[in-house]
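*Asks:* Next one to model:
(one chain, ligands or ions: 3)
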Amino acid sequence: MGFRPFIYRLAAKHSLSGYVQNRSDGVVVEVEGPEVSIASFMSGVQGELPPLAEVSQISCAEVEIKEDTGFRIIESESGGLGKVYITPDIATCSQCFAELFDPEDRRFRYPFINCTNCGPRLTIIKDIPYDRINTSMSCFPLCPLCRGEYDNPADRRFHAEPNACPACGPALSLLDEAGKLLPDKDPLRKVVTLLLKGYVVAMKGLGGFHLAVDAANDEALKRLRSRKFREEKPLAIMVKDISAAARIAQLGKEEEALLLSPQRPIVLVRRRETDAISPAVAPGVSDLGIMLPYTPLHHMLLENHFQALVMTSANQVDEPICMRNREAIQRLRGIADYFLVHNRDILVRCDDSIVTVSSGKKRMLRRSRGFAPKPVTLKKWYPEILALGPQMKTTLCILKGTLAFVSPHIGDMETPEARDFHQESLTLMQKIAECKPDIIACDLHPSYYTTKLAEELPASRIIKVQHHHAHIVSAMAEHGIEGEVIGVAMDGTGYGLDGTVWGGEFLVAEEAAFTRIGHIMNYLLPGGEKAIREPWRIAVSLLREAYGNNWQEAAEELQIVPEKSYYETMNRIMVQKFNSPLTSSLGRLFDGVAALLGVRKMVTFEGQAAMELEAMAKGKTDVLLPVDIRETGNVLCLDFSPMIRNIVDEIRKGRNKTEIACAFHVTLPVVFRDMAEAIRRRTGIDRVVLSGGCFQNRILTEGTISELEKAGFVVYFHHLLPTNDGCISLGQAVCAGAQVMRGI
Ligand SMILES: [Zn+2]
Ligand SMILES: [Zn+2]
Ligand SMILES: [Zn+2]
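*Replies:* Residues are numbered from 1 along each chain as shown. Ligands and ions are numbered 1, 2, ... in the order given. Below is the predicted model:
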């Protein structure tokens, strides 16, 4: 990206002659000049790279002197500009930032300033190749000054497709709640006033609309939450710069680097006690999602007035982020008081990415803006495969040769809007990967939308991949490892081979196949889906596993059941196994333990109870809770009943619940290690791959990695894709690809 102009400028700086050219096998540069200049040029190639450029390998050779004069950018071998994959959107670079606030610059306070090193990419494309004509900038003819920059190889804006200025480019406008244009010379200044007054403003960003409110204003937050029906889910905030972030949260080095990175994701960090933001931003959890400004508009908004702005994806619950002006006005009716829009269309929806740091490394929680659609490079060659993903937190993936093109985050396939978005993403990824694979991979679950879609699309073959196998294979693919591994998939729910709900799995797995060698004990999910929203039901089920028919006594003592009349119903549905599937899910076990400890009986979003249990587990403990490993047939089973009985006893004794939450978090890594050791004794395998939604819990992940490494295992964990279901499409694709290659 912007690589050839970079080389051009570098050569000019050192007065070298020669050329640069894109070829199918890479970029070729020929330079001629004094040896010292060539040496400084070489160190510049490595040391002064543009922000997002990556050089995988440099090789040098001497050639005959041609007595060239001047330095040229030669057209690519293929004609046009050569093969350039679509790159992600990039935050405003430091040079554009300086120009933005320079009163002498012709783009002073122009909210669409950008250059080759920054600005929109993926979100403005309608087709490939990536040329202005194929973007939403095509309706803005360049003025002579911008044209001059665009055509000049020595300029920072040489071939910057979204190049624009106040004379020729897009502009802001402010609309009222009904979408009527409000004549205002300075819409941005007006928006600042509105936000200060506590209004909810929908703002068009890079990959979609945000809903913004002043993060210090309790009333504004209350309004936003009640209008968006998102009463408890944590909201992301944007702050002016890194020192503002450091006042609100405790930042490690990695977290600082991530906040400042050109991808500018939301970074989950530990919050500080501060009154700069209202407690209503993220109630009940210890982490806060923070990001820094990534568009010129953001920089101008946060310039003077706010300690922090809540910037949450503008959508109704479970629906994809709004992208078009008219769509936003329609879908955000009753939520936003005003709309700050512009006339540069967003053509590809792209949510903010979310990352966190655990065991000293970056971990993705949602991979989208700034990261997608950069392909994952695989160690091996695979045939073309389309993988449609799971039901929740879906992405899709196209496998082609050694590249895996994973789509930006799509979300939960529960609404028609989300399904349309899945379709949009499919068309987009087919364009980006330049292929339409007819081998389709999907989940085993018969009623997932994506499974049904696989059956509707034209396909030469459909390959169904078990959910937790896909989890493990995706992490293997990220690390380029092959052969058998011990896969530890700790998850919410996934359809198992035996039709039960899996989610606490120990697999001996390789790319194409697996055996389930162990799992968490099966317990009932009384009420099925309902149990996900009502964790007290899971607590009841765990008590029944632990005490048999005497479960009611403990349940009464701990006040688990919300109403007396429920005892009878619960007993009946569990005895008859009515609408109560068996599960081995660790995610649900977390919910159940949270309910036992009185964290909460009901949740308003999946994982809420587990997140609060993690927040509760502050401090250190050496106390381990008792868990048995039993062998049934050839399968190892983790029996948590002794732990449940122990927790009940401790609560009876009046032990501090924080300590119990802590002990629970310390115990799990130890029992995972014990299981892995038992499996190693049987199989001799000493590589462990971790995946699944539960490893979003930092205490659990760091503990598990550390226990396993101490026991001599080599541990692999996601670093490119999320450990949640955002990674499933990659795992499906690689598993299917491996099956095809092996003729399975
Ligand atoms: Zn720039
Ligand atoms: Zn212009
Ligand atoms: Zn999963």
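
*Asks:* tell me the secondary structure for Gly518?
*Replies:* strand (DSSP: H, G, I helix; E, B strand; the rest coil).

*Asks:* how about it, what does it touch?
*Replies:* By Cβ atoms under 8 Å, 6 or more residues apart in numbering, the contact set of Gly518 is Glu505, Phe506, Val635, Leu636, Cys637, Leu638, Met675, Ala678, Ile679. For glycine as for every other residue, the C-beta is placed from the backbone atoms N, C-alpha and C.

*Asks:* Go again with 7 Å.
*Replies:* Residues near Gly518 by Cβ atoms under 7 Å, 6 or more residues apart in numbering: Phe506, Val635, Leu636, Cys637, Met675, Ile679.

*Asks:* hang on, isn't the fifth one packed against Ile629?
*Replies:* Read that as Met675. Yes - with contact defined as Cβ atoms under 7 Å, Met675 reaches Ile629; the gap is 6.4 Å.

*Asks:* intersection of neighbour lists for these two?
*Replies:* Leu636, Leu638.

*Asks:* Just the helices from the stretch 301-450 of the chain, written as ranges.
*Replies:* Counting by DSSP state H, counting those that start in this stretch, the stretch 301-450 of the chain has helices at residues 325-331, 416-433, 449-456.

*Asks:* Also compute the angle for the last one relative to helix 416-433, please.
*Replies:* In other words, helix 449-456. Between helix 449-456 and helix 416-433, the angle comes out at 60 degrees (axes from the mean of the first three to the mean of the last three Cα atoms, to 10 degrees).

*Asks:* that older thread, the helices of the stretch 301-450 of the chain: which one's closest to Leu721?
*Replies:* Closest of the helices of the stretch 301-450 of the chain to Leu721 is helix 416-433, at 14.8 Å (criterion: Cβ to Cβ).

*Asks:* Now a ChimeraX select for only the buried ones of the contacts of Gly518.
*Replies:* ChimeraX command restricting those to the buried ones, with burial defined by 16 or more other Cβ atoms under 10 Å:
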select :506,636,637,675,679
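
*Asks:* now, which of the contacts of Gly518 lie within strands?
*Replies:* Per DSSP state E, strands hold the following members of those: Phe506, Val635, Leu636, Cys637.

*Asks:* quick check, nearest of those to ligand 1?
*Replies:* Comparing the ones in strands among the contacts of Gly518 against ligand 1 with Cβ to the ion places Phe506 closest, at 48.7 Å.

*Asks:* Surely that closest one touches Ala489?
*Replies:* No - Phe506 lies out of contact with Ala489 (Cβ under 7 Å); the separation is 8.0 Å.

*Asks:* right, is stretch 167-181 up against ligand 2?
*Replies:* Yes - contact of stretch 167-181 with ligand 2 (Cβ under 5 Å from the ion) involves Ala167, Cys168.

*Asks:* number of nearby residues for Glu677?
*Replies:* Close neighbours of Glu677, defined as other Cβ atoms under 10 Å, add up to 17.

*Asks:* which residues does Val627 contact?
*Replies:* Leu638, Asp639, Phe640, Pro642, Met643, Thr667, Val671.

*Asks:* same question but for Cys442, I mixed them up
*Replies:* Cys442 is in contact with Leu388, Thr450, Thr451, Ala454, Ile462, Lys464, Gln732, counting by Cβ under 7 Å, 6+ apart.

*Asks:* rerun at 10 Å
*Replies:* 386-390, 396, 448-455, 457, 459, 462-465, 470, 728-729, 732, 736 (Cβ atoms under 10 Å, 6 or more residues apart in numbering).

*Asks:* out of the residues you listed, who's near ligand 3?
*Replies:* Taking Cβ under 5 Å from the ion as the test, ligand 3 is in contact with none of the contacts of Cys442.
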